[in-house]
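> only geometry, no sequence info:
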Ligand SMILES: Nc1ncnc2c1ncn2[C@@H]1O[C@H](COP(=O)(O)OP(=O)(O)OP(=O)(O)O)[C@@H](O)[C@H]1O
Ligand SMILES: [Mg+2]
């Protein structure tokens, strides 16, 4: 087991700089998820730690040891890829034990190690089967087995679940989390799926444009995103952004003419800004009666329902108001139909306020 550290790491491919100075301190035993949109550099960052790509600048550490110049096979890591490529002519047991065989571990030791891993993964009865006779989930588990059997200091996983269907993906996600808890092996898991990131991670590193935007627990990132990018990337359905002008006196003015007075801390945080982007999560917006009396710090407006989706226990309601698309998540009592006129309200204290320029968060929601 070991900690993992990226220190001022940079990487370019030709003229294209894809990693622009990354610092990350990953603790021993932690499960860290790298998440971000396609092309943001997640795999490149992982592959540098594995030794499959060379860093142009900065330092990579596994434990206390700087590993930049150490061969991949000597880094004591195991990788699991999206394409888990089991050898088709070998049995599942031979596949799991292959890494040990090429390292010269004898047959008896190998059989013992494979049996132990098979037990952990619930594959005991399948060891004599060939990969083509296994389900997708079983093959995925076999790929995990191949990594576990080596008892590495660090697991590096690059989208290992993306070849599976939705249900199996969720099951395997839970299995990986349980397994990681049991083995306590430091793990970096790459995905572009924010739900996977939120549910799996001890801490998440959100990457964008070759930089770490924020590194923290899922709860921290959700409650206090540092900028619009992080706020917009985490959460499903995505957070709503609504622009409002600042009157200069701690009041926000909306396009429909309503003006609300901000609580002191929010007013202080936006002084000097001419306008702000309000970030309000779909679950923070309520449907209210049209004649609800105005109250301090409550933003409200009429909107038309453009689409309503029932998820069983809750419903997503898509609305439109003066060119703003606003999404709500409500308990499934919503009986409105598409085209219905409804009235919405939210408390400005439940909103994050972002700078229009650059998108950094000026003040996080004080109530959620
Ligand atoms: N060998 C390479 N040569 C040139 N460019 C590369 C190479 N590998 C990656 N890139 C580029 O570097 C950038 C980051 O790629 P990377 O594979 O790290 O992204 P990613 O975040 O893993 O994306 P995805 O979610 O699609 O897997 C991309 O613009 C990609 O085109
Ligand atoms: Mg990738």
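Great, that's in hand. Only a predicted model underlies this, so the values are computations on that prediction, with no experimental measurement involved. Ligands and ions are numbered 1, 2, ... in the order given.
> what stretches of this structure score poorly on pLDDT?
333-336, 367-368 (pLDDT under 70).
> so where's the longest strand in it?
strand 298-310 (DSSP state E).
> That one: partners in the sheet, and parallel or antiparallel?
Strands adjacent to strand 298-310 in the sheet, as given by DSSP bridges, are strand 314-321 (antiparallel), strand 341-347 (antiparallel).
> list the helices and strands the very next helix or strand once past the last one packs on?
Note on strand 341-347: by DSSP states H and E, the next helix or strand toward the C-terminus is strand 352-355. Contacting strand 352-355 under the criterion 3 or more C-beta pairs under 8 Å, 6 or more residues apart in numbering; DSSP states H and E are the following elements: helix 228-233, strand 275-280, strand 361-363. The way it works is simple: take the backbone N, C-alpha and C, and place the C-beta from them, glycine included.
> How about the host helix or strand of residue 241, which residues are buried there?
Using DSSP H and E, residue 241 falls within strand 240-246. By 16 or more other C-beta atoms under 10 Å, the buried positions in strand 240-246 come out as 240, 241, 242, 244, 245, 246.
> any chance of those residues in a markdown table, plus distance to ligand 1?
Formatted as a markdown table, the buried residues of strand 240-246 follow (distance: C-beta to the nearest ligand atom, whole Å):
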| residue | distance to ligand 1 |
| --- | --- |
| 240 | 25 |
| 241 | 24 |
| 242 | 29 |
| 244 | 34 |
| 245 | 37 |
| 246 | 36 |
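> closest to ligand 1 out of the helices and strands packed on strand 352-355?
Nearest to ligand 1, of all the helices and strands packed on strand 352-355, is helix 228-233, at 12.7 Å by C-beta to the nearest ligand atom.
> Give the other helices and strands that that closest one contacts.
Helices and strands touching helix 228-233, by 3+ C-beta pairs under 8 Å, 6+ apart, are strand 203-208, strand 211-216, strand 275-280, strand 352-355.
> Need those strands in a markdown table (columns: mean neighbour count and distance to residue 45).
Compiled in a markdown table, the helices and strands packed on helix 228-233 are given as follows (neighbours: other C-beta atoms under 10 Å; distance: least, C-beta to C-beta, whole Å):
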| stretch | mean neighbour count | distance to residue 45 |
| --- | --- | --- |
| strand 203-208 | 24 | 7 |
| strand 211-216 | 19 | 9 |
| strand 275-280 | 21 | 27 |
| strand 352-355 | 24 | 26 |
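> re earlier: output the helices and strands packed on strand 352-355 in a markdown table, with distance to residue 352 appended to each entry.
What follows is these, written out as a markdown table (distance: least, C-beta to C-beta, whole Å):
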| stretch | distance to residue 352 |
| --- | --- |
| helix 228-233 | 6 |
| strand 275-280 | 4 |
| strand 361-363 | 6 |
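> Please name whichever of the ones you listed is nearest to residue 27.
Closest to residue 27 of the helices and strands packed on strand 352-355 is helix 228-233 (C-beta to C-beta; 21.2 Å).
> Run the contact check for the closest one versus ligand 1.
No. Helix 228-233 lies out of reach of ligand 1 by C-beta under 6 Å from any ligand atom, never closer than 12.7 Å.
> Show residues contacting that helix.
35-37, 194, 206, 208, 213-214, 221, 225, 238-239, 241, 277, 279, 352, 354, 359-361 (C-beta atoms under 8 Å, 6 or more residues apart in numbering).
> Can you list the neighbours in contact with the lengthiest helix in the chain?
In the chain, ranked by residue count with DSSP state H as the criterion, the top helix is helix 166-183. Under the criterion C-beta under 8 Å, 6+ apart, residues 31, 120-121, 136-137, 140-141, 144, 148, 155, 157, 160-162, 164, 187, 189, 196, 199-200 lie in contact with helix 166-183.
> Show me what the helix or strand just after that helix packs onto, helices and strands only.
Following helix 166-183 in sequence order, the next helix or strand is strand 186-191 (DSSP H and E). When contacts are defined as 3+ C-beta pairs under 8 Å, 6+ apart, strand 186-191 sits against strand 31-35, helix 42-50, strand 154-158, helix 194-200.
> Strand 186-191 pairs with which strands?
strand 31-35 (parallel), strand 154-158 (parallel).
> That strand vs strand 203-208, what angle?
40 degrees (axes from the mean of the first three to the mean of the last three C-alpha atoms, to 10 degrees).
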